[in-house]
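> Fold the following, please.
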Amino acid sequence: MVTLPQRRRIAVFDSGVGGLTVLGAVHAALPWVDLRFLGDTARLPYGTKSAATVERYALQASKKLVEVPVDALVVACNTASSCAIPALRDAYPFPVLGVIDPGAEAAVRASRTGHIGVLGTERTIASGAYPAAIAMLDGNARVHSLATPLLVSLAEEGWFDHPATEATLLAYLAPWLADAGARKIDTLVLGCTHYPVFKPMLKRVLGRLLDRDVALVDSAEPIAQALTRMLGPAQQAEGRIDLLATDAVERFVRVGGLFFPVGKAAVELVDL
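This next block holds a predicted model:
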């Protein structure tokens, strides 16, 4: 009798559809793994909430996801990663991966000058999580942080290449990069899983403001690489993808499809 390999399953959650950028990277690297994704669309954005509220939301979202046994939980939300990782790791026996450390590691590897910029939500920036993580890796690095909360709403609207988005980026970045320190950045961390969809526009706007290229890094690929090392040999069968949302399912499919090929997959409406 042939013993089939045990199916592997990873749970991923975010405040909205932005975490689908992480889901896409994980699926590309591990197509044989079953994936469960929850977008807490009823309560986004997390970035304007208190740390205690974000922690509570993260515990509730993860509890729903792990009703089906999983091998790992990915917190595909920078705000939740900055506030809730200790509580989540205390709650579960399996690995819990946040996006802060992988993003910091990628930024340190990419930077040549040691001047690293970070864009994120108000809560992520206020937490100081990225400067702390980067300092652990390179004590000489200089981190220049900027809260850009409106970008979450623009991403959720699907306005990836839109005049309003360009105007918003210019309004945020031009005053920030007028500072002599921030102007030295050669690497920019996209410290929100919604932000990678703005990479083409960010490259254009940064090129216009700085007259040079800046490396853009996020956590999606490093997370996928970490999970690949963790889960061992691949299987042949294609993994299943389950999508859950706490509100606005039709919008989740419409906008989420711009982040990840949701297609006509059924999205389950859940109550936390």
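
> Helix, strand, or coil at the closest residue to residue 66 other than its chain neighbours?
In this structure, residue 66 finds its nearest non-sequential neighbour in residue 11, 6.0 Å apart by Cβ to Cβ, 6 or more residues apart in numbering. All C-beta spots, glycine's among them, are computed from the backbone N, C-alpha and C. Counting by DSSP: H, G, I helix; E, B strand; the rest coil, the backbone at residue 11 sits in strand.

> okay, now residue 11: neighbour count?
Neighbourhood size, residue 11 [other Cβ atoms under 10 Å]: 29.

> and if you look at the one 3 residues further on?
Per other Cβ under 10 Å, the neighbour tally for residue 14 reads 30.

> before we move on, what about residue 154?
When neighbours are counted by other Cβ under 10 Å, residue 154 registers 20.

> Sticking with it, tell me its helix or strand.
helix 150-156 (DSSP states H and E).

> hmm, who's touching that helix?
Applying Cβ atoms under 8 Å, 6 or more residues apart in numbering, the contact partners of helix 150-156 are 16-18, 44-45, 47, 119, 121, 162, 164-165, 168-169, 172, 192, 194-195, 197-198, 255.

> Please indicate which of the residues you listed are buried?
Buried members of the contacts of helix 150-156, counted by 16 or more other Cβ atoms under 10 Å: 16-18, 44-45, 47, 119, 121, 165, 168-169, 172, 192, 194-195, 197-198, 255.

> So which of those belong to helices?
Of these, the ones assigned to helices by DSSP state H are 165, 168-169, 172, 255.

> Between the residues you listed, which sits nearest residue 245?
Within these, the smallest distance to residue 245 is 10.8 Å, found for residue 255 (Cβ to Cβ).

> My read is that that closest one contacts residue 159, right?
No: counting by Cβ atoms under 8 Å, residue 255 stays clear of residue 159, with 9.9 Å between them.

> Phi, psi for residue 261 please.
Backbone torsions of residue 261, given as degrees, to the nearest 10, read phi -70, psi 80.
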